[in-house]
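Trainee: coords below, sequence missing:
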């Protein structure tokens, strides 16, 4: 009986690890970044981007750039591609005017977290 309980606990632990890794992938980082950005929550968006992208956001905020706000933003994944510590996510804003417009975002893995890097030329 004790072995069954230990096996069940080990399986549950592995399942949680698997779920948490799915939740912290490039898609989630991209979605959260743009959801926060679209509502002007710059500090929250910074949790999902690289330091150089964070500096760009801060410069834009200092200049009063709020024309990109879109409180109705609705993320729809088109494609996610991971190559080692780099990833590319394509998505559309299905609530926006240009519903067929696809945006491609480059991400890099910093420590164990995926970070949007809009400052990159990749």
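Mentor: On my side now, so go ahead. Bear in mind the structure is a predicted one, so any value in this text is a computation, not a measurement. Numbers count the residues shown, from 1 in each chain.
Trainee: grab the most central residue of this protein for me.
Mentor: residue 29 (1.4 Å; C-alpha atoms, centre = their mean).
Trainee: after the helix-or-strand element of the chain with minimal mean pLDDT comes which helix or strand?
Mentor: For the chain, using mean pLDDT, DSSP states H and E, the weakest element among its helices and strands is helix 2-23, scoring a mean of 40. As assigned by DSSP states H and E, the chain's next helix or strand after helix 2-23 is helix 26-38.
Trainee: now that following helix, how far from the centre of its chain.
Mentor: A distance of 4 Å separates the C-alpha centroid of helix 26-38 from that of its chain, computed with C-alpha atoms, centre = their mean, to the nearest Å.
Trainee: tell me the mean pLDDT for it?
Mentor: Averaged across helix 26-38, the pLDDT comes to 96.
Trainee: who are the packing partners of the helix or strand just after that helix?
Mentor: Sequence-wise, the next helix or strand downstream of helix 26-38 (DSSP H and E) is helix 42-45. Applying 3 or more C-beta pairs under 8 Å, 6 or more residues apart in numbering; DSSP states H and E, one finds that helix 42-45 contacts helix 26-38, helix 51-62. C-beta here means a position set from N, CA and C on the backbone, and glycine is covered the same way.
Trainee: secondary structure class for the residue lying closest to residue 52 once chain neighbours are set aside?
Mentor: Using C-beta to C-beta, 6 or more residues apart in numbering and skipping the chain neighbours, the partner closest in space to residue 52 is residue 119 (4.1 Å). Of the three states, residue 119 takes coil under DSSP: H, G, I helix; E, B strand; the rest coil.
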